[in-house]
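Peer 1: Sequence and computational prediction follow.
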Amino acid sequence: MSSKTHISVKNLNVNYGEQKILNNISLDIPDKKITAIIGPSGCGKTTLLKSFNRLLDLQEGIRVEGQVFVDGEDIYHPKTEITHLRKRMGLLSQRPQVLPMSIYDNVVYGLRVHGAKDKKILDGAVERYLKEANLWSEVKDRLHASAVKLSIGQQQRLCLARGLAVEPEIILGDEPTSALDPLSAELIEQRFLELKDKYTIVLVTHILRQAKRLADYVVFLYLGDLIEHGPAEQVLNNPKYLKTQNYVSGKFIEEPAIEKEIVLKKLNSSEAQKQIKQALEKLKVGQAMRVVVDDEKSVRQITQFLEADGHKILELKRLNLVDWDIIVQKSEGIYAI
Ligand SMILES: Nc1ncnc2c1ncn2[C@@H]1O[C@H](COP(=O)(O)OP(=O)(O)OP(=O)(O)O)[C@@H](O)[C@H]1O
Ligand SMILES: [Mg+2]
């Protein structure tokens, strides 16, 4: 990725008791771009987002393993200060969570917590951040009215203003427009497109059209696995892997039927290629095989050589710290005579 990495996730596993919620996720999120996390309900989108500002810590029974770096700092390190970390991120949740106080007090809430008192500074901040959140013109004459009286769409923009007022570097949105009417949703979307010049934005959405409108990069999760991550254009319009293809075209997500499995560990690449060729010869065109390999370098070599022979990679998945799964479908390729 050309742009600088802002959030880097390395081998992140999240478990709830025996249940695996996220399986070995590794992912780099670029600075000052919009990254959308998509996938069906329950696949772990919210969990992944919450891992970025350690909101999972608040939930009992959740175990987090692995690392998340923000600006190169390991946020799960025991010495990391959580308040400082959270200040760097503004979070918009699915339903706006305004505080039961005036519009004005909502916007400057974070600033006051951090010690700001000067009325001129606070007044200035209220105007500036309400404008940044696209709400100023609608509320400028009733800044001291209760925030709870605002429409849901206005409340969400107020939450955005409150988040922006503490000058975060990152905006996290968990389906932030899903409870809003279309017009309010559009106002929030417009803001995101403008705000990405200044902020890194990570947006969970299950609306593919929203991902198309907004995202520079897309991450597709399915049942706790990261299936695909790349430029939005590629993941949404021309995905590499079968599950993503099914999902973006609105089909049921298929588990490829596996006819054969081979485990290639501690092998040099020519031996590995030889074994794969032999195994493929036993398959019919259209059938799929699982290849388990034990290092990242061979994953690259093997997928390249399979694709060069015309076969299709249906899935590529990291299983744990060392092992990878490659699911390949035999095509006519060079075997056709
Ligand atoms: N605190 C928790 N305790 C137990 N299970 C949890 C907890 N949080 C999440 N889960 C489980 O983890 C899985 C992923 O949940 P998550 O909320 O991350 O999914 P999601 O992709 O955001 O779904 P949705 O699109 O419905 O919001 C689900 O099976 C959910 O039931
Ligand atoms: Mg969710």
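Peer 2: Good, I have the coordinates. Ligands and ions are numbered 1, 2, ... in the order given.
Peer 1: Only C-alpha atoms from now on, for both contacts and neighbour counts.
Peer 2: OK.
Peer 1: Neighbours of the residue in the stretch 51-200 of the chain that ligand 1 sits nearest to, how many?
Peer 2: Residue of the stretch 51-200 of the chain nearest ligand 1, by CA to the nearest ligand atom: Q59 (5.5 Å). Using other CA atoms under 10 Å, Q59 has 9 neighbouring residues.
Peer 1: Phi first, then psi, for it.
Peer 2: The phi/psi pair for Q59 (degrees, to the nearest 10) reads phi -100, psi 120.
Peer 1: contacting residues around I103?
Peer 2: Taking CA atoms under 8 Å, 6 or more residues apart in numbering, we find I103 in contact with R142, L143, H144, A145, S146, A147, L158.
Peer 1: Between the residues you listed, which sits nearest S41?
Peer 2: Using CA to CA, L158 is the member of the contacts of I103 that lies nearest S41, at 27.0 Å.
Peer 1: hang on, the earlier thing: pull the contacting residues for the residue of the stretch 51-200 of the chain closest to ligand 1.
Peer 2: Contacts for Q59 (CA under 8 Å, 6+ apart) come out as none.
Peer 1: Do a quick rundown of the helices in the stretch 201-337 of the chain.
Peer 2: Assigned by DSSP state H, counting those that start in this stretch, the stretch 201-337 of the chain shows helices spanning 208-214, 232-237, 242-248, 269-281, 296-308.
Peer 1: any idea which of these is most buried?
Peer 2: For the helices of the stretch 201-337 of the chain, the largest average neighbour count (mean count of other CA atoms under 10 Å) is found in helix 242-248, namely a mean of 20.
Peer 1: does it come close to ligand 1?
Peer 2: No - with CA under 6 Å from any ligand atom as the criterion, ligand 1 is not reached by helix 242-248; the gap is at least 13.7 Å.
Peer 1: Show me what that helix is packed against.
Peer 2: strand 225-231, helix 232-237, strand 312-318 (3 or more CA pairs under 8 Å, 6 or more residues apart in numbering; DSSP states H and E).
Peer 1: The last one: partners in the sheet, and parallel or antiparallel?
Peer 2: The partner list of strand 312-318 in its sheet, established with DSSP bridges, is strand 324-329 (antiparallel).
Peer 1: ok, residues contacting the strand it pairs with?
Peer 2: 285-296, 299, 303, 306, 311-319.
Peer 1: Please repeat the previous calculation with a cut-off of 10 Å.
Peer 2: With contacts defined as CA atoms under 10 Å, 6 or more residues apart in numbering, strand 324-329 is touched by 241-242, 256-261, 263, 280, 283-296, 298-299, 302-303, 306-307, 310-319.
Peer 1: before we move on, what SS does the residue most central in space within the chain have?
Peer 2: The centroid of the chain falls nearest to I37 when counting by CA atoms, centre = their mean (3.5 Å). Following DSSP: H, G, I helix; E, B strand; the rest coil, I37 is assigned to strand.
Peer 1: Just list whatever residues bridge to it.
Peer 2: V204, V219.
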